[in-house]
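Engineer: mind folding the following:
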Amino acid sequence: MRASSRAASPSTAVTSAPTGRATLADVAASAGVSVATVSKVLNGRSDVSASTRARVLELLNRHDYVGRRPDPVEAPTVELFFQGELTSYSTEVIQGVLDEASELDVSVVLSVRAAGSSGSAPASWAREAAAAGRRAVIGVTNEMTERDLAALNRVRLPMVVIDPLNTPQARMASVGSTNFAGGIAATQHLLSLGHRRIAYLGGPAQAGCNQARMLGFRGAMEAAGAEVPAGYVRTGPFRYEEGVRGGYAVFDLPTPPTAVFAGNDELALGVIEAARSRGLRVPEDLSVVGFDDTQVARLSSPPLTTVRQPLREMGAVALRTALRLASGGKVDSHHVELATELVVRRSTCPLRD
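Structural biologist: Next up is the predicted model:
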């Protein structure tokens, strides 16, 4: 139905189309402007007053208007985003995406943002990405909500998440690694060296990758008949500072551990620093295992025994998956896990009497 040539007052409520989503004409009527003016705002035209632009954008966001994405541009462009600061982990993953993009002649736009309630409104975020001509979106260790996925789906933008913080949803493609098997391998390595008092310092409790690594740790300990006392399992951010704090906490237990399995390399380096400040030698007095095998693991002192995730390959697989979905292709599985591998260096040694 064509919009009336007579604009409604700005206070008029938006009436959704039969599909349940607001149309361009609905938003125009509610804002008291023409459809052409709303179109100008969507396209970033400068010939719209600041007050009108603000009113239209507010209504677009309020009613989750996303429109339809434009036809794909000739040179595919993918948006790669992550939360927080760059880390050794995210740098490796991003490099994997960029290397594969170079091979496939794909452009990558890197952004720092948070989806859902902690960042831009999902509809606004999806609309901006579609208007910019993105073919797909790749997130690194992000927590995606149903609103995020719905907004991207409405503009036909496929999403692939690398190491999602929440459990992969059926409609969300994701790439990870065999975290459970890696947790078992790390713990079995320490057990094989004679350690029985082994602590686990992990990442966020709700993170799927952390849960899998912790379950691997507990499974290996149970299979070996080794007790996990209270205080031996701690969770928190995947940060160096948290490793230092966690190290102090387990060292202060009545019966401190002789070995620590850390949920990532940064946590492991924090544990090593805490050990040094307490006069403990690594590995003579305390064996430490990390997870990821980032550059910091190879440069640490002593070099860190860790579980290697194929981080660059994970980035490459995510990009190929995103492009396949963007072209209308299918994937065999919405969640892909790549194999992990224990890399033994000098931060672990047999238990000494």
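
Engineer: mind listing what the residue nearest to residue 100 when sequence neighbours are not counted touches?
Structural biologist: Distance criterion C-beta to C-beta, 6 or more residues apart in numbering; nearest residue to residue 100, sequence neighbours excluded, is residue 316 at 3.8 Å. Using the backbone N, CA and C atoms, a C-beta is placed for each residue, glycine as well. Counting by C-beta atoms under 8 Å, 6 or more residues apart in numbering, residue 316 makes contact with 96-97, 99-100.

Engineer: what's the helix or strand for residue 316?
Structural biologist: helix 311-326 (DSSP states H and E).

Engineer: and the helix or strand following that helix, how far out from the chain middle?
Structural biologist: The C-terminal neighbour of helix 311-326 among helices and strands, as given by DSSP H and E, is strand 335-338. Distance, stretch centre to chain centre, for strand 335-338: 14 Å (C-alpha atoms, centre = their mean, to the nearest Å).

Engineer: give me the buried positions along strand 335-338.
Structural biologist: By neighbour count on 16 or more other C-beta atoms under 10 Å, the buried set for strand 335-338 is 335-337.

Engineer: turn the contacts of residue 316 into TSV, including pLDDT, secondary structure and distance to residue 321.
Structural biologist: TSV is the format used below for these (pLDDT from 0 to 100; DSSP: H, G, I helix; E, B strand; the rest coil; distance: C-beta to C-beta, whole Å):
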residue	pLDDT	secondary structure	distance to residue 321
96	96	helix	13
97	95	helix	11
99	94	helix	16
100	94	helix	11
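
Engineer: you'd agree residue 254 is in a strand?
Structural biologist: No - under DSSP: H, G, I helix; E, B strand; the rest coil, residue 254 falls outside any strand and is assigned coil.

Engineer: please tell me how far it sits from residue 124.
Structural biologist: 53 Å (C-beta to C-beta, to the nearest Å).

Engineer: equivalent analysis for residue 350, please.
Structural biologist: 57 Å.

Engineer: for the contacts of residue 316, which two are the farthest from each other?
Structural biologist: Based on C-beta to C-beta, the longest span within those runs between 97 and 99 and measures 7.4 Å.

Engineer: okay, and the common contacts of those two?
Structural biologist: 315-316.

Engineer: residue 135 against residue 76, yeah?
Structural biologist: Yes - if you go by C-beta atoms under 8 Å, residue 135 and residue 76 touch, sitting 4.6 Å apart.
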